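Q: Sequence and computational prediction follow.
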Amino acid sequence: MSQSAPQKSLTATDIRDRKGKTPLVCLTAYTTPVAQLADAECDLVLVGDSVGMVLHGLPSTLSVTMEMMILHGQAVARGVNRALMVVDMPFASYEESPAQALRNAARLMAETGCGAVKLEGGQHMAETIRFLVDRGIPVMAHIGLTPQSVNALGGYRVQGKGADADRILKDAKAVTDAGAFSVVLEKLPAALADRITAEIPIPTVGIGASAGCDGQILVIDDMLGLFDAFKPAFVKRYAHLAKDAGTAISTYAQEVRSRAFPAAEHVFSDKTAEKDPTE
Ligand code: KIV
């Protein structure tokens, strides 16, 4: 009997081993159907706390909760087979102490089945990263523009310009030494992202950083043109789904008003022979 072996999911170790090799393809996802689409092409699918802004209409990621991350993590887990699924630790779920971080990271892993967590912060989070890694929790770090610190950073600004480059380089080295398997570099000058990529032994995943990073990540609703409240300069739109959806909804509204919808094929009669697949 020929049966294909179940597909093996990528692990944090597989991702770490991709340093300097084919670029890692990463996207966010928040729902099962989108996770299935992303899983077909991606090495890593992130349940980002960007979910608060793109799906829940929140003004920032600051009020995203553990419950939201768990609910969306469980939905994404149903759509991911091959990629490494990483779940973001929301604001205030890990900063208080390594013990608080462990409690919440363990809950995210147990309740979603994710293979790793991501948290924001460099040198000041190194002790926490080490604490989690030593207890079996793979951690992806996130440095540069860290959106959960938007108020302290004075906005969504490019980080690491001029003399500030040294701080970001130290952040990259600190999270590497603490045992992170990979690090997101957000909104940095390209030359700094290239320097970090050259100097640390774990893969860098860029967003608004450099094509020279070991991988790239985008928020899926941004790249599909589904979220069009605003567009960061680093986003490339590969589709315009909000526009297409607007056109579809407007056509539907016209057809309902003119009674063109539903047509004969969308209604039933006593003689309807075809069985509705949903019955
Ligand atoms: O929350 C998120 O989507 C992220 C990515 C932008 C890296 O952290």
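A: Right, received. Where do you want to start? Note that the structure is predicted; figures quoted are calculated from it, not measured. Residues are numbered from 1 along each chain as shown.
Q: Single out the residue in this structure that lies closest to the ligand.
A: Nearest to the ligand in the chain, going by C-beta to the nearest ligand atom, is residue 48, at a distance of 2.3 Å. Quick note: C-beta positions are derived from backbone N, CA and C, even for glycine.
Q: To what extent is that residue buried, counted in neighbours?
A: A count of neighbours around residue 48, defined by other C-beta atoms under 10 Å, yields 28.
Q: Residue 119 too?
A: Other residues lying near residue 119 total 25 when counted by other C-beta under 10 Å.
Q: pLDDT on stretch 242-255, on average?
A: On average, the pLDDT along stretch 242-255 is 97.
Q: on that earlier part again, the residue of the chain closest to the ligand and residue 28 touch, don't they?
A: Yes. In this structure, residue 48 sits in contact with residue 28. The criterion is C-beta atoms under 8 Å, and the distance is 4.1 Å.
Q: residues bridging contact with the two, i.e. touching both?
A: Both residue 48 and residue 28 are contacted by residue 219, under the criterion C-beta atoms under 8 Å, 6 or more residues apart in numbering.
Q: And residue 229, how close does it get to residue 219?
A: According to C-beta to C-beta, to the nearest Å, residue 229 and residue 219 sit 12 Å apart.
Q: mind checking which helix or strand residue 27 is in?
A: In this structure, residue 27 is located in strand 24-28 according to DSSP states H and E.
Q: isn't residue 206 right up against residue 183?
A: No. With contact defined as C-beta under 8 Å, residue 206 and residue 183 do not form a contacting pair (9.9 Å).
Q: if you count what's nearby, which of the two comes out ahead?
A: residue 206 (30 against 27).
Q: Secondary structure element holding the more buried one?
A: Under the criterion of DSSP H and E, residue 206 resides in strand 204-207.
Q: circling back: would you mark the buried spots in the following helix or strand past the strand holding residue 27?
A: Reading on from strand 24-28 to the C-terminus, the next helix or strand found by DSSP H and E is helix 32-39. By neighbour count, and taking 16 or more other C-beta atoms under 10 Å as the criterion, the buried residues in helix 32-39 are 34-36, 38-39.
Q: how about CSV for those residues, with pLDDT added?
A: As requested, the buried residues of helix 32-39 are arranged in CSV below (pLDDT from 0 to 100):
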residue, pLDDT
34, 98
35, 98
36, 98
38, 98
39, 98
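Q: farthest pair in those residues?
A: Taking every pair in those and measuring C-beta to C-beta, the maximum separation is 9.5 Å, between 34 and 39.
Q: quick revisit: who's more crowded, residue 229 and residue 219?
A: residue 219 (22 against 10).
Q: Enumerate every residue touching the more buried one.
A: Under the criterion of C-beta under 8 Å, 6+ apart, the contact list for residue 219 reads 27-28, 48, 50, 54, 227, 235.
Q: Buried ones among these?
A: Of the members of the contacts of residue 219, the ones counted as buried by neighbours, 16+ other C-beta under 10 Å, are 27-28, 48, 50, 54, 227, 235.
Q: Noted, bye for now.
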